[in-house]
Structures are given as structure tokens and as C-alpha cells.
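> below are the sequence and a predicted model; questions follow.
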Amino acid sequence: MELAAAAALGKFIGAGLACIGMGGSAMGVGNVAGNFLAGALRNPSAAAGQTATLFIGIAFAEALGIFSFLVALLLMFAV
Amino acid sequence: MANTTTEAAGAVTEAVTEATGHAAEAAGHAAQSAGMPQLDFSTFGNQIFWLAVALVLIYLVLSRVALPRIGGILADRQGKITSDIAAAEELKQKAEAAEKAYNQALIDARTEAGKIVAEARAEIQKDLDKATAKADAEIAAKAAESAKRIEEIRAGAAENVAVVAKETAEAIVAAFGGRADAGAVDDAVASRLKG
Amino acid sequence: MATEEHSQGLTFHPMDQFKIQPLFGEGPIHWYTPTNATLWMALTLLAIFALFVLGTRGRAIIPTRLQSVAELGYGFVHKMVEDVAGKDGLKFFPYIFTLFLFIVFANFLGLVPGAFTTTSHIAVTAVMAVAVFLTVTIVGFVKNGAGFLGLFWVSSAPLALRPVLALIEVISYFVRPVSHSIRLAGNMMAGHAVIKVFAAFAPLVLISGIGIAVTPLSILAIVAMYALEILVAFIQAYVFTILTCVYLKDALHPHH
């Protein structure tokens, strides 16, 4: 029983730690969007053609955050 | 403090017991497990089957009916817009030609009117000149007549003056009791009038 | 111990909304059993049918509202495929449009309160992602033959680095369907779960005094998350579609 309690403790702590990864993904998304904005303000005429690239970049950065969220969920509900 | 800890531990243990109970239950009938429904593999076959059905139906609806129709609508609209623009261009050119013709007509009319006006003016001028000349001649004739009549009147007046002077002189002489010699009086008056 | 009382009073079941249940009665779910997933997929199909078949029934030169929405969607994806995958990618336009419409309608129907979000299930998104992966791979090999492998051989890099880069490229190529599917399912799941967690806090006012502050806050948070989810519902469909186009471009023109 003590072992089971420790396991439960561990999985919740692990889930919390996994959520730190979402912060990294947040920084990544912010970096992509911020740099896009900086470039777009410098050259607004080129910005419209690059929105697709912007979304692709955001999607890639965000996917990793989703992975850590998934790990958290797995720890909470599936392990 | 210790009491609280024990209680908390007890609660955790209880929770864990419950969780393990759930797990056991989940193992029993996986469909209603407490874990992530996304990882419940027993429903995967069902979802994949229905997803395939849905996607194939959507694909058929789109590729057989919707997409050709929308593509046709867009092509029609594009064609209509192109032909309308061409028609509009043609109409515009027609309008421009009409405007040009109108302007030309206007210019022609204006020059024609100018010509007519000039002609009329010349004619009027001629009439006017003729009338003026006639009037001048009439006026000159009238003036000459008047001058003659004035001259006559003046001459008449001078004669009358001589007659009146003579008669007056005769009357004065008679009043002085003399007898006026007609010839002497005439001479005297004539000399006086001249003088 | 007050907090414990709350957690006993409040019920957190953020994942319950994703449960798959048979539509009629109880019992085991066979592969043919109509479930709530089936129902919402059918509603997605009906919505697409209503918009794209009934909405364009008039074939009007001057479109009605529904027809202009349908045309807008058509033009949006058509332009995306043409811009990203190139002219020869237009052959795959109905396929990509099918995926886009299914995802966008499933996402938005999932936002109806009480609805089931089919795209929040990894099984669903994985099937679509694997279908895209297989299509792209097969098209790549059919179109380019062995030249498709040039995708992994970065000829602009120094020769010594190329094997390492090739390894990385191969790995990233095979990770594509994973990230492609988990991104969509994860986004949908995360948003709905967060809304559900906030919703679980909402009845706190019935249990405890602190609820006077917490309940309005949680309702506000639900509204904010819902607004974000509306955005995410569209953006994830867009991202899924545009990544499909990007992968297709790689298959059609593997040389960078």
C-alpha cells in the first residue's frame, strides 16, 4: 500500500513536471509570432505571403507543448 | 500536525485504493475505464470504421456533387464577369465615339451659328448703313430747306423791320407835324439798317 | 482540511466528455456499433452536405449567403493547395478538402455544449494522419521513383554532415504522422478538458463561501477559453490542411 501511495505521489508530481514543457512550447510560439511581427513591421508588403509559414512554425512549436501535455495526461489518467 | 499528516496519508491511501479499484474495474470492462478514453483501444476499431465511412461519404459528396458544382459556378461567374467587362468596354467605346460625334456636331453647329451671325450682322450693317445714308441725306435736305426757310424768314424779317421802321419814321415825322418825304425816309432807314 | 472537503464536493471528470458510448442501450462496442462518435461524424457529414450541396443548389451567379460561404471555403483551400503544393497538387484538392472540411466541422460541432468532439480522439486523427502519410509516400515514390529519397539527402550541406542529416530527416519524416495527429487531437482534448475543469469549479458557490469569488471567475474563464477554442478549432484545421499540402509538395517536388 505504501508503494502504491508513493506511485500515486510520483505520477502527480511527474504530471506537474511535464507541464513545464508547455512553458517551453509557449516561449517557442511567442518567439515565432514575435519574430514574424518584427519582420512584418519592417516589411509589411511581404508579410501577407508568409502567414502560412507563420502558422506552420507555430504548429511545430506548439506540437511539442501538446506532447508534454499528453505526457501529463498519460501520467494522470493512464499510468 | 502529526494528526493531519496521518489523516492526509489516510486520504491518499483511500484515493489510491479507489484508483486501484477503478483499475481493476477497468480491466474488467475496458469500455468504461476511468483512464483516458482516447487510449481505450477497444473503441478504436469502431471509430476507425465510422471515420472511414464518414470520410468516404464526404469525399463522394464533394467530388461528385459539390466541387464540380462550385467550380462550375465560379467559372460561370468568371466568364460572366469577363464578358460583362468586355461588353462594358465596348459600350464605353461606343459612348466615347458618341461623345466625340456629339462634340463634333456641337463644334460644327457653333461655327455654322457664327457664320450665320456674321452674315446677319453684315446684312444688318448694310441695311443700317443704307438707312443711315438715307436718313443723312434726308436730314441734310431738311437742314438745307430749313436753312433756306430761316434765310427767307430772316430776309422777311429784315424787310419787315425796314417797313416797320419806315412806317414808324413816317408816323414820328407826322407827329412832329412834318410831312415825310417817302424817298428820304427810305434812304434814311436803309442807311440806318446797314449801319 | 477545508480544501479536501471542496475536492470531495466538486467532481472533476475532465475526460468523461471524451467517452465513447453506444447510442442505443448498453453493451460492448463492436466495430459496427453506432456510438456517440458515429452520431457526431454523421452530423458533420450532414453539415457539410447542407452547406455544400443544399447551399449551392441555386447555382446563382450572385450567391446567396450559404453559397458564398461554400465558395469561400472552396476558394480558401483551393488557393492554399495551389500556393503550397503547386499546380500539380490540385489533383489532390478533393482529398485535402475532404480532410479540411471534416476537421473544421467536427471541431466546431464539438464546441456545441454537450457535444462529442470526434477530432479529440487519437484514433480518428491518427487515421487521417496515416492516410496522409501513406498517400504522400506513395505519391512521392510513384512520381519520382528512387529520386524521392533525395528528400533525405540534403545536397546543400557539407558532404560529411549529409549522413547525419539524412538520419535526422528520415526520423523527422516518420515522426510526421505522429505530430500531425497528436497536434490536432491534443489541441482539441486540451481545450475541452480545461473548459471542463473550470466548469467543475463553477458550482463551488453552492458548497463553500469562497465560491462567491471562484464561481464568477471560473465562468469568466470558461467564456475566455471558449473564445480561444473557437480560434483553435479553425486554426488546427488550417494547420492540419496546410501541413498536408506541405507534405504533398515534398512528395511532388522532393528537391529542395
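It's in.
> alpha carbons only: can I get stretch C:132-145 in PDB?
C-alpha atoms of stretch C:132-145 as PDB (Å, rounded to 0.1, in the frame of the first residue of the first chain):
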ATOM      1  CA  VAL C 132      -1.900  11.500 -45.500                       C
ATOM      2  CA  PHE C 133       1.500   9.900 -44.700                       C
ATOM      3  CA  LEU C 134       0.800   6.900 -46.900                       C
ATOM      4  CA  THR C 135      -0.600   9.000 -49.700                       C
ATOM      5  CA  VAL C 136       2.300  11.300 -49.700                       C
ATOM      6  CA  THR C 137       4.900   8.500 -49.500                       C
ATOM      7  CA  ILE C 138       3.200   6.500 -52.300                       C
ATOM      8  CA  VAL C 139       2.800   9.600 -54.500                       C
ATOM      9  CA  GLY C 140       6.400  10.500 -53.900                       C
ATOM     10  CA  PHE C 141       7.700   7.100 -55.000                       C
ATOM     11  CA  VAL C 142       5.300   6.900 -57.900                       C
ATOM     12  CA  LYS C 143       6.100  10.300 -59.200                       C
ATOM     13  CA  ASN C 144       9.900  10.400 -58.500                       C
ATOM     14  CA  GLY C 145      10.900   6.800 -58.200                       C
END
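> tell me how far that stretch lies from the chain's centre.
Distance of stretch C:132-145 from its chain centroid, counting by Cα atoms, centre = their mean, to the nearest Å, is 23 Å.
> hmm, who's touching stretch C:60-67?
Applying Cβ atoms under 8 Å, 6 or more residues apart in numbering or on different chains, the set of residues contacting stretch C:60-67 from outside is B:73, B:76-77, B:80, C:51, C:54-56, C:58, C:71. Using the backbone N, CA and C atoms, a C-beta is placed for each residue, glycine as well.
> so of these, which ones are in helices?
Of those, the ones assigned to helices by DSSP state H are B:73, B:76-77, B:80, C:71.
> pLDDT check: weakest of the contacts of stretch C:60-67?
Lowest pLDDT among the contacts of stretch C:60-67: C:Gly58, with 85.
> does the biggest helix by length in chain C reach chain A?
Assignment by DSSP H gives helix C:211-252 as the longest helix of chain C. Yes: using Cβ under 8 Å from any Cβ of the partner chain, helix C:211-252 reaches chain A at C:235, C:238-239, C:242-243, C:246.
> before we move on, the earlier item: whichever of the contacts of stretch C:60-67 end up buried, select them in PyMOL.
The following PyMOL line selects those of those that are buried, judged by 16 or more other Cβ atoms under 10 Å in any protein chain shown:
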select buried, (chain B and resi 73) or (chain C and resi 51+55+56+71)
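> format the contacts of stretch C:60-67 as TSV; extra columns: distance to C:His121.
Formatted as TSV, the contacts of stretch C:60-67 follow (distance: Cβ to Cβ, whole Å):
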residue	distance to C:His121
B:Ile73	35
B:Asp76	41
B:Arg77	40
B:Lys80	45
C:Leu51	24
C:Leu54	28
C:Gly55	28
C:Thr56	31
C:Gly58	37
C:Glu71	31
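> let's have the contacts of stretch C:60-67 in a markdown table, adding distance to chain A.
Listed next are the contacts of stretch C:60-67 as a markdown table, based on distance: Cβ to the nearest Cβ, whole Å:
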| residue | distance to chain A |
| --- | --- |
| B:Ile73 | 26 |
| B:Asp76 | 29 |
| B:Arg77 | 24 |
| B:Lys80 | 28 |
| C:Leu51 | 24 |
| C:Leu54 | 31 |
| C:Gly55 | 27 |
| C:Thr56 | 27 |
| C:Gly58 | 32 |
| C:Glu71 | 21 |
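> nice, that's everything, thank you.
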